[in-house]
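Peer 1: here is my input; please provide its structure:
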Amino acid sequence: MESALTARDRVGVQDFVLLENYNSEAAFIENLRRRFKENLIYTYIGSVLVSVNPYKELEIYSKQQMERYRGVSFYEISPHIYAVSDNTYRAMRTERKDQCILISGESGAGKTEASKKILLYYAVTCPMNDHMAALGDRLLQSNPVLEAFGNAKTLRNDNSSRFGKYMDVQFDFRGAPVGGHILNYLLEKSRVVHQNHGERNFHIFYQLLEGGDEDLLNTLDLERNPQNYQYLVKGNCPRVSSISDKNNWKVVMKALPVIGFTEEEVQKLLNIIAGVLHLGNTQFGEGEEGETYITTETQITKLVKLLGVDGSALREALTHKKLTAKGEEMISPLNFEQAISARDALAKAVYGRTFTWLVEKINQSLALKDEIYHSNKGSSVIGLLDIYGFEVLQHNSFEQFCINYCNEKLQQLFIELTLRSEQEEYETEGIAWETVQYFDNKIICDLIEEKHKGIISILDEECLRPGETCDVSFLEKLEDTLGGHPHFVTHKLANGKTRRVMSREEFRLLHYAGEVNYNVNGFLDKNNDLLNRNLKEVMCQSDNQILSRCFRREEVMDQKRPEMAATQFKNSLMKLMEILMSKEPSYVRCIKPNDAKQPGRFDEVLVRHQVKYLGLMENLRVRRAGFAYRRRFEAFLQRYKPLCPETWPNWHGRLVDGVSTLVNHLGYKPEEYKLGRSKIFIRFPKTLFTTEDALEAKKPEIALTLQTSWRGYRERAKYQRIRRAETAFCMYTIPLVVYGSVFIRFIKGFIYRHEEYCPENEYFLDHVRYSFLKNLRKNLPKSVLDKSWPTPPPLVVEASEHLRTLHMRNMVVKYCRRVQPEWKKQMVQKVVASEIFKDQKDNYPQSVGRLFLDSRLEREQINLKVVQTLGNDKYGASVTKYDRRGFKPRPRQLLLTNTFAVLVDRTKIKQRIDYTALRGISVSSLSDGMFVLHMPSEDSKQKADAVLQCDHVIELVTKLAMMAGKIDYVNISPGSIRFTVARGKEGIIDFVRGSEMKVTKGKRGHLLVTVPRTNTT
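Peer 2: From the prediction side, this is the model:
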């Protein structure tokens, strides 16, 4: 990071903690503006990343950029979303602790894009195989689907997320993504039935009308013009220049099969979307006596077709409501306004629950499926929280109240975890912790969520209170209960100046980020979020499988009132806080530079507003309360060692002594720095800037020294090359003169190499032996599985074989000494299984990689009486026994002891099989689990042969053959097995191939076993 400090006058500082005047909001915003003008959209506050939306494509997200940040220290290069992603990933791998990245900011600030960039970074840089690549593809493809159903155009953002999203990405012990899970929070369901002027409904409605082909629209009874649908006209904004609904439709339709949606599920989903539009076009009339009736019967017909509901029941439920009083049900007609509300409530419920089903469906696609990961051992998680930022609109209602409450909780968590992180680092480094003064927003959180006295509790009480209740009575109760609270104001409680800017239907909360006025109109209805019981009954009976899953019959039967919307949100938020508290957090704070979405434009007033609402100055003050800069000794010494003669060019002592020597030479004052156990802490940015400027001034001198050293090295290297050439010349010419006799002896030995050992060939043959042994020493096999061996010359073939045998024995002895008893037992059993079944039985190859267990039955599965009779040391497995007459299958347990085997039916031992009497074991050559234990028919104590079936036939027969000492008595029959039914009578089992496994009684009284073909690929 320090590499850019010299350019700070032009582009500002990369880390706000290095601002000299860190208490100045103007200095903070000016630093942001400088960097934004240079297309430097990322800046740090310590480990927090501040991101400014550029509203244009920047060339900083290529694969080359990903590789640039991969595995690099967090502060080593310029700030980037990839640096946060990589730092979080490496912390998860090295510390084996779950991580999370919290992304927050206003609508349009780039939160969703930031989460996409993080997911893309992991998809590209993490280790992958085909399964993991498919998972990464599903993770990325889930984004356009969730955006289509959960995002909408608002006044501030053309692609605003109207729900909060928390996604867990699970990684295995190798760091590869193996699973994912999404939690969604507070979908803005009210948008389905109403939009402010200039805003749109959720994208999927417009994508369907614009991108769906004519056949699809005809099937759904839809027209292409959005103006024909009441739920799409209220915002008067059917098309947006920055959005291509047609192209986005293609992306969504391509993504749904990737995630795992079938064609039928996609059709059912589109039926629901179309049904919501037709529901909005359902109109009502009012009779002379005030009764309500439906005036658009064609819409009911379309709803019956699309939603799969009963038409008369739907018509009745939209105009009447069912009441229960003293155990009796009554039907009460709805007036015109109530019917409109019932219709809109149904539309919101259908869309909201369908969205929840959609998220659950995506979760099924992202869930861990591979057996190897089901234990979760060695796996870690990175969570991504993409959630709405603090909202202050011209008209703030229930949704903004929930959103801002969420941000209060996140700010509380943010400050708490930041302070804790700072304190832990100080304690680890042995630096005294100084108390930090900051605004604790717990008082505001308690004001909202406290039991019995908080705003949410009061709202719930007012919704449940019998008698006439309305939004104004709720406001009055707030005034009575919270009247003296310093962060709560209403028109009635305010002073004269405040009353002029507040409506009588508003209350004001003094949030950590500023004051917000909330209009209470609609609070009770939105908190109730109730759907008439008879409408639920209609939906429960839907033929549409999605709707029948969304509306459960148990819900209609349950008389217990469901939790209110605010309480549900509070409970979800509490669980989210628990999730985040259990992980190591990283933060991305997103800022929108202007409301017009124009590149290069920096609206200082708007940015100041967001800096305040995001609590960035508060975070900076916490981070700067102690020391502005801290770095590990080795990094600090490596960078600044040229500034001190004692540390340049290399320091050979302890790192802390080297840093101490360096800062003393630079003239650091005691109050300017502290030395921890592994880091140096510098209090003032000015101290660091002075050091950096000194390094810049020193660089020409360093460059001259390096050039001089390089020239000297180059000349010395040239001289050394000449010397080596001279030496080589002498080495190749002098031996021809001095050692001529040796050369002659070698040539003469080569000529006589086939003769017996004699003075003429002794030198050559000794050389051959020596060369072979020297080569052998370098190329000895390293494991018992390595069968390679250097080819010996004819002279030493016999010696080579002896050495090969000795070396192999030596490796085997070493290997056997390392083998644990349990593994040795496993290997012995596997070898026996290979001797019996290899190339004989089709399903043997599948058993090779599976461990043989000590027992396939848990102790609790075996009856206590049987355990007491046989003892504990035994192998057991569940089998199916086929009667010798009629072949009726009966479940049994086969237990093997050291001297005999028994067949057990619950508490009773049905048959004892002595190993000494066992004449043989027969199995087929196919991939079935059938086997026959042959017993002597002349022995009256023993029953006839036992016909059994087991899912672990390879394991069971191997263990039985070993324990009975009958390895050579296992017979593998290719076509049929004969067995004794009784004295003098025989039965036959025929084996044939088929499409599925079946055991039936065949013709001629034989037992017919149909076995599917084994996939050998």
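Peer 1: report the helix or strand with the lowest average pLDDT across this protein.
Peer 2: Ranked by mean pLDDT, DSSP states H and E, the weakest helix or strand in the chain is helix 8-11, scoring a mean of 62.
Peer 1: so which elements touch the helix or strand following that helix?
Peer 2: The helix or strand immediately downstream of helix 8-11 is helix 25-37, counting by DSSP states H and E. Judged by 3 or more C-beta pairs under 8 Å, 6 or more residues apart in numbering; DSSP states H and E, helix 25-37 is in contact with helix 8-11, strand 42-45, strand 48-52, helix 604-613, helix 616-624. For glycine as for every other residue, the C-beta is placed from the backbone atoms N, C-alpha and C.
Peer 1: quick one: buried residues of helix 25-37?
Peer 2: F28, I29, N31, L32, R33, R34, R35, F36 (16 or more other C-beta atoms under 10 Å).
Peer 1: for stretch 692-707, same thing?
Peer 2: Quick answer for stretch 692-707 (16+ other C-beta under 10 Å): E692, L695.
Peer 1: quick check: mean pLDDT of it?
Peer 2: Stretch 692-707 shows a mean pLDDT of 80.
Peer 1: then stretch 396-413?
Peer 2: Confidence over stretch 396-413 (mean pLDDT, whole number) is 86.
Peer 1: do stretch 122-140 as well
Peer 2: If you average the pLDDT over stretch 122-140, you get 79.
Peer 1: per-residue pLDDT, the residue in the chain sticking out farthest from the centre?
Peer 2: Here the chain reaches farthest from its C-alpha mean at P759, the gap being 77.1 Å by C-alpha atoms, centre = their mean. P759 carries a pLDDT value of 84.
Peer 1: buried sites along the helix or strand hosting L314?
Peer 2: In this assignment (DSSP H and E), L314 forms part of helix 311-319. Neighbour counts over helix 311-319 (16+ other C-beta under 10 Å) mark A313, L314, R315, E316, A317, L318, T319 as buried.
Peer 1: would you turn the residues you listed into TSV with distance to H934?
Peer 2: TSV is the format used below for those (distance: C-beta to C-beta, whole Å):
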residue	distance to H934
A313	67
L314	69
R315	74
E316	73
A317	71
L318	75
T319	78
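Peer 1: which pair of those residues spans the longest distance?
Peer 2: Greatest spacing in the buried residues of helix 311-319, by C-beta to C-beta: A313 and T319 (11.5 Å).
Peer 1: now the host helix or strand of H665: how far from the chain's centre is it?
Peer 2: Using DSSP H and E, H665 maps to helix 655-666. Relative to its parent chain, helix 655-666 has a centroid offset of 44 Å by C-alpha atoms, centre = their mean, to the nearest Å.
Peer 1: contacts for it, please.
Peer 2: 633-634, 636-637, 640-641, 643-647, 651, 673, 675, 680, 691, 694 (C-beta atoms under 8 Å, 6 or more residues apart in numbering).
Peer 1: what's the pLDDT at L314?
Peer 2: In this model, L314 carries a pLDDT of 89.
Peer 1: I figured it hits E537, correct?
Peer 2: No - between L314 and E537 there is no contact, the gap being 10.3 Å when judged by C-beta atoms under 8 Å.
Peer 1: that older thread, overlap of the contact sets of A313 and T319?
Peer 2: Contacts common to A313 and T319, judged by C-beta under 8 Å, 6+ apart, are absent.
Peer 1: contact partners of the helix or strand hosting E822?
Peer 2: Take DSSP H and E as the rule and E822 turns out to sit in helix 821-837. Applying C-beta under 8 Å, 6+ apart, the external contacts of helix 821-837 come out as 816, 819, 844, 847-848, 851-852, 954-955, 957-959, 961-962, 967, 970, 972.
Peer 1: likewise stretch 614-621?
Peer 2: 16-17, 19, 22-23, 25, 28, 45, 48, 50, 104-105, 389-390, 411, 414-415, 418, 436, 438-439, 512-513, 589, 591, 611.
Peer 1: ditto for stretch 455-466
Peer 2: Contacts of stretch 455-466 (C-beta under 8 Å, 6+ apart): 401, 447-451, 469, 473-474, 477-478, 481-482, 523-524, 527-528, 561, 564, 566-567, 570.
Peer 1: for the buried ones among these, write the corresponding PyMOL selection.
Peer 2: Selection of buried members from the contacts of stretch 455-466 for PyMOL, criterion 16+ other C-beta under 10 Å:
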select buried, resi 401+447+448+449+474+477+478+481+482+523+524+527+528+564+566+567+570
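Peer 1: below-threshold pLDDT in the stretch 401-550 of the chain: ranges please.
Peer 2: 433-438, 467, 529 (pLDDT under 70).
Peer 1: quick one: the helices in it, in order.
Peer 2: Using DSSP state H, counting those that start in this stretch, the helices of the stretch 401-550 of the chain run over 442-449, 455-464, 471-482, 496-499, 523-528, 533-540, 545-550.
Peer 1: right, and those helices - which one's nearest S241?
Peer 2: helix 523-528 (32.2 Å).
Peer 1: how about the closest one as PDB, C-alpha atoms only?
Peer 2: The C-alpha atoms that make up helix 523-528 are tabulated as PDB, following Å, rounded to 0.1, in the frame of the first residue of the first chain:
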ATOM      1  CA  PHE A 523     -48.300   0.600   9.900                       C
ATOM      2  CA  LEU A 524     -51.100  -1.700  11.400                       C
ATOM      3  CA  ASP A 525     -52.200  -3.200   8.100                       C
ATOM      4  CA  LYS A 526     -48.600  -3.900   7.000                       C
ATOM      5  CA  ASN A 527     -47.700  -5.400  10.400                       C
ATOM      6  CA  ASN A 528     -50.800  -7.600  10.400                       C
END
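Peer 1: same for it, what does it pack against?
Peer 2: Helix 523-528 sits against helix 398-429, helix 455-464, helix 471-482, helix 565-581, with contacts defined as 3+ C-beta pairs under 8 Å, 6+ apart.
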